[in-house]
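>>> task: produce atomic coordinates for the following.
(one chain, ligands or ions: 1)
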Amino acid sequence: MPPRAPRVITRGEGVWLTDSEGHRIIDGMAGLWCVNIGYGRKELAQVAARQMEELAYYNTFFQTTHIPAIALAAEIAKLAPGDLNHVFFAGSGSEANDTNIRLVRRYWDVKGMPWRKTIISRWNGYHGSTMGGGSLGGMKPIHAHGGKIDGIEHIDQPYWWGEGGEMSEDDFGLARARQLEEKILELGPHNVAAFIGEPIQGAGGVIIPPKTYWPEIQRICDQYGILLIADEVITGFGRTGNWFGSQTFGIKPHIMTIAKGLSSGYQPIGGSIVCDEVAEVVGGGGEFFHGYTYSGHPVAAAVALENLRIMQDEHIVDHVRDVAHPYLKARWDALTDHPLVGEAKLVGLMGSIALTPNKATRAKFPDDANVGYRCRERCFANDLIMRAVGDRMIIAPPLVITTAEIDILIDRAKKSLDECWQGLKADGLV
Ligand code: PXG
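Below is the predicted model:
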């Protein structure tokens, strides 16, 4: 595909972006899955300015902390389910997942089982771009650029549309979950520290697992006593219609990775929410030699706290569950009437459609047809941000999107699909 000059975004307001050529673009991706409360909320700017004046920086090392980090950790513990009551802050999702690697290995060290080091993850999962995060992730192109650290094993993803063949969705979900058990037995259960997964794979193409998948993963983690890490970097903070994706899928993780929606992207901040038992064990081992200069940065923490206040005061999670999701779901599912669209999936405000030349056989376009890219180009031209991952088109709009804005998003998506279809016809690809 010929390179095109990058688009320069200059302003944001609600779900709308403006570029340097004056286009008004509807942002179907909330930036990079993060601007949950929408752009342009002045309260967050004001809180940041106030915090910079009062205490622009301090660290959380050497038995010292500061008020924004304390207050934010307390608020997160209040919102997180069960006994996920402790927060280890980081500057991003990748850093938080690097923390998780060290944290779960330290946990087993302190428990007297230092041999439990291996972490199991999924192919086509995404957990970040640092050495640890990139290795936990299952994206081969990322592994190919810089390698992969030892002690991480991957199993297949629960992607029924693309890989389910003749199996029913439920049977396929169970079969893919049972690969975890097979992998644990192959490695020896005493060598396995943890399993990590995104409740819904985001960067991998919004892969929504069959409903049988997570309960079986949970059973296996419980049976073999391995730690379960839910990477909630995308699914956290309202995206799935609950505060956390783990609640939507009934997962009971020991650790959650968070970032993105925590501050709605207004400041870089991430973290690991840790359950009581893991916190007690690691804490009982004496000081855990880990942390970053900007862990729990006061300005980022103050902004995140204000973001969580707005989300609660404006009932934004309820809006997702009761208003935006049902409305978008009806319109999103109807996209399967389009000749190009095989399946349409949506949980909360996180959705994907599969582009296919044959719905009945769930056929794939040839890779070099670049169908996803072609569709994304039409979205660009129609002032809609809808991403392509292979031949899946994905959306994750700001959670504050209104029903009128959903209509605009869908109208632009349909127009883009029509134009893509016409282009494919003209080129003899359908
Ligand atoms: N876990 C998950 C589930 C993510 O989606 C990270 C960890 C890493 O977070 P940081 O803050 O270090 O980027 C992410 C990030 C894409 C794309 O192409 C997705 C992410 C980042 C960059 C690109 O969809 N997600």
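>>> so, in contact with the ligand or not, stretch 149-163?
No: Stretch 149-163 stays clear of the ligand (C-beta under 6 Å from any ligand atom), getting no nearer than 13.1 Å. Backbone N, C-alpha and C define where each C-beta goes, glycine included.
>>> residues in contact with that stretch?
Contact partners of stretch 149-163, identified using C-beta atoms under 8 Å, 6 or more residues apart in numbering, comprise 117-125, 131-132, 135-136, 138, 167, 169, 172-173, 176-177, 179-180, 182-183, 187, 201, 204-205, 207, 209-210, 213, 342-343, 354, 362, 364.
>>> quick one: terminal-to-terminal distance for it?
27 Å (C-alpha to C-alpha, to the nearest Å).
>>> for stretch 387-400, same thing?
Start-to-end, stretch 387-400 (C-alpha to C-alpha) is 19 Å.
>>> what residues does the stretch 151-300 of the chain have near the ligand?
Counting by C-beta under 6 Å from any ligand atom, the residues of the stretch 151-300 of the chain near the ligand are E198, G202, A203, D231, V233, I234, T257, A259, G270.
>>> who's in contact with the residue of the stretch 251-400 of the chain found nearest the ligand?
Nearest to the ligand in the stretch 251-400 of the chain, going by C-beta to the nearest ligand atom, is A259, at a distance of 4.4 Å. When contacts are counted by C-beta under 8 Å, 6+ apart, A259 is found next to C34, A90, S92, G93, A96, V233, I269, G270, G271.
>>> closest one of these to I70?
Using C-beta to C-beta, G271 comes nearest to I70 of the contacts of A259, at 13.4 Å.
>>> just for the stretch 101-250 of the chain, where's the confidence low?
Applying pLDDT under 70 to the stretch 101-250 of the chain flags no residue at all.
>>> how about the strands in it?
With DSSP state E, counting those that start in this stretch as the criterion, the stretch 101-250 of the chain has strands at 118-122, 152-155, 192-197, 227-231.
>>> got a markdown table for those strands, with mean neighbour count and distance to G250 too?
Below are the strands of the stretch 101-250 of the chain laid out as a markdown table (neighbours: other C-beta atoms under 10 Å; distance: least, C-beta to C-beta, whole Å):
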| stretch | mean neighbour count | distance to G250 |
| --- | --- | --- |
| strand 118-122 | 24 | 18 |
| strand 152-155 | 20 | 20 |
| strand 192-197 | 26 | 14 |
| strand 227-231 | 27 | 11 |
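>>> so which of these is nearest E21?
When those are compared by C-beta to C-beta, strand 227-231 sits nearest E21, at 36.6 Å.
>>> which elements pack onto that closest one?
Applying 3 or more C-beta pairs under 8 Å, 6 or more residues apart in numbering; DSSP states H and E, one finds that strand 227-231 contacts helix 93-110, strand 192-197, helix 213-224, strand 255-258.
>>> of those, which stretch is the most buried?
strand 255-258 (a mean of 29; mean count of other C-beta atoms under 10 Å).
>>> which of the residues of the stretch 151-300 of the chain next to the ligand sits closest to V282?
The closest of these, once distances to V282 are taken by C-beta to C-beta, is T257, at 16.0 Å.
>>> my guess is that closest one contacts E232, does it?
Yes: between T257 and E232 there is a contact at 6.0 Å, judged by C-beta atoms under 8 Å.
>>> closest to G291 among the residues of the stretch 151-300 of the chain next to the ligand?
Among these, G270 lies closest to G291 (C-beta to C-beta), at 13.0 Å.
>>> my read: the closest one touches M256, true?
No: applying C-beta under 8 Å, one finds G270 not in contact with M256, separated by 10.9 Å.
>>> distance check, the residue of the stretch 251-400 of the chain closest to the ligand against E53.
26 Å (C-beta to C-beta, to the nearest Å).
>>> so what's N97 up against?
So N97 contacts H127, G128, T130, G132, G133, L136, I196, D231, T257 (C-beta under 8 Å, 6+ apart).
>>> any idea how far the residue lying closest to the fifth one once chain neighbours are set aside is from M256?
Using C-beta to C-beta, 6 or more residues apart in numbering and skipping the chain neighbours, the partner closest in space to G133 is S94 (3.8 Å). In this structure, S94 lies at 15 Å from M256, with C-beta to C-beta as the measure.
>>> now do L44
Taking C-beta to C-beta, one finds L44 at 23 Å from M256.
>>> before we move on, what about I149?
Using C-beta to C-beta, I149 is found at 22 Å from M256.
>>> can you check K111 too?
21 Å.
>>> burial of the closest residue to A175 other than its chain neighbours, as a residue count?
Closest residue in space to A175, ignoring its immediate chain neighbours: M167 at 6.8 Å, by C-beta to C-beta, 6+ apart. Residues lying near M167 (other C-beta atoms under 10 Å) number 15.
>>> likewise the one 3 residues further on?
Neighbourhood size, D170 [other C-beta under 10 Å]: 13.
>>> and for E21?
E21: 8 neighbours (other C-beta under 10 Å).
>>> mind checking which helix or strand it is in?
E21 is part of no helix or strand when elements are defined by DSSP states H and E.
>>> cool, E13 as well?
Judged by DSSP H and E, E13 forms part of strand 9-13.
>>> run me through the strand neighbours of that strand, direction for each.
strand 16-19 (antiparallel) (DSSP bridges).
>>> quick one: buried residues of the strand it pairs with?
Neighbour counts over strand 16-19 (16 or more other C-beta atoms under 10 Å) mark W16, L17 as buried.
>>> mind checking how far A5 is from D19?
Counting by C-beta to C-beta - A5 and D19 are separated by 11 Å.
>>> what segments of the stretch 251-400 of the chain are strands?
255-258, 270-275, 341-347, 350-355, 384-385, 387-389, 392-395.
>>> out of those strands, which one sits most buried?
Scoring the strands of the stretch 251-400 of the chain by mean neighbour count under mean count of other C-beta under 10 Å gives strand 255-258 as the most buried, with a mean of 29.
>>> and stretch 13-27, end to end?
10 Å.
>>> show me how far that stretch is from its chain's centre.
Stretch 13-27 sits 23 Å away from the centroid of its parent chain (C-alpha atoms, centre = their mean, to the nearest Å).
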